[in-house]
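Colleague: From the sequence below, what's the structure:
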Amino acid sequence: MSAARTQDLTVEEIRKLALPLSAHVLSGEGLLDRSITWTTVIHPEDDIDSKSVQRRELILIASLTNPPKAHSDTELIHWAKKVDASAVVFCGLGRNPSHAICLCCR
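Modeller: Here you go, the predicted structure:
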């Protein structure tokens, strides 16, 4: 009989084991070891104000296939910070949230 894992997964473990290489992971400085309690997927058309998110969730932002989207990347990052997400993952080839990250760090 094997021992059950009792510790939470971290942002870094999820990044290494489960995310595609094209994913952009945002987590605060030094917070890759932050635990993740759950995962929420946000689609481009979703209204984030109506989303129920717990502290320390991993927020997966689905790729853009059919614009327009309901929120900018900057708005999504600010929202994730407000709900105390462990990390935000932008999924999809060709997606680069660098401009939004720069705006949020000002």
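Colleague: that's a helix at Trp79, yeah?
Modeller: Yes: under DSSP: H, G, I helix; E, B strand; the rest coil, Trp79 falls within a helix.
Colleague: any idea how far Thr10 is from it?
Modeller: 22 Å (C-beta to C-beta, to the nearest Å). Using the backbone N, CA and C atoms, a C-beta is placed for each residue, glycine as well.
Colleague: Over to Ser50?
Modeller: For Ser50 relative to Thr10 (C-beta to C-beta), the value is 29 Å.
Colleague: Tell me which stretches of this structure form helices.
Modeller: Applying DSSP state H to the chain gives helices spanning 11-17, 73-82, 98-104.
Colleague: list the contacts for Leu32?
Modeller: By C-beta atoms under 8 Å, 6 or more residues apart in numbering, Leu32 lies in contact with 10-12, 15.
Colleague: what pLDDT does it get?
Modeller: Note for Leu32: predicted pLDDT of 84.
Colleague: Quick check, central residue of the chain?
Modeller: The chain has Val88 as the residue nearest its centroid, 1.8 Å off, counting by C-alpha atoms, centre = their mean.
Colleague: Dig out what that one forms beta bridges with.
Modeller: Per DSSP bridges, the residues bridged to Val88 are Leu26, Ile59.
Colleague: Now do the same for it: its pLDDT.
Modeller: pLDDT, Val88: 87.
Colleague: any idea how far it lies from Gln7?
Modeller: Val88 is 22 Å from Gln7, by C-beta to C-beta.
Colleague: where does the chain have low pLDDT?
Modeller: 1-6, 28-29, 64-68, 92-106 (pLDDT under 70).
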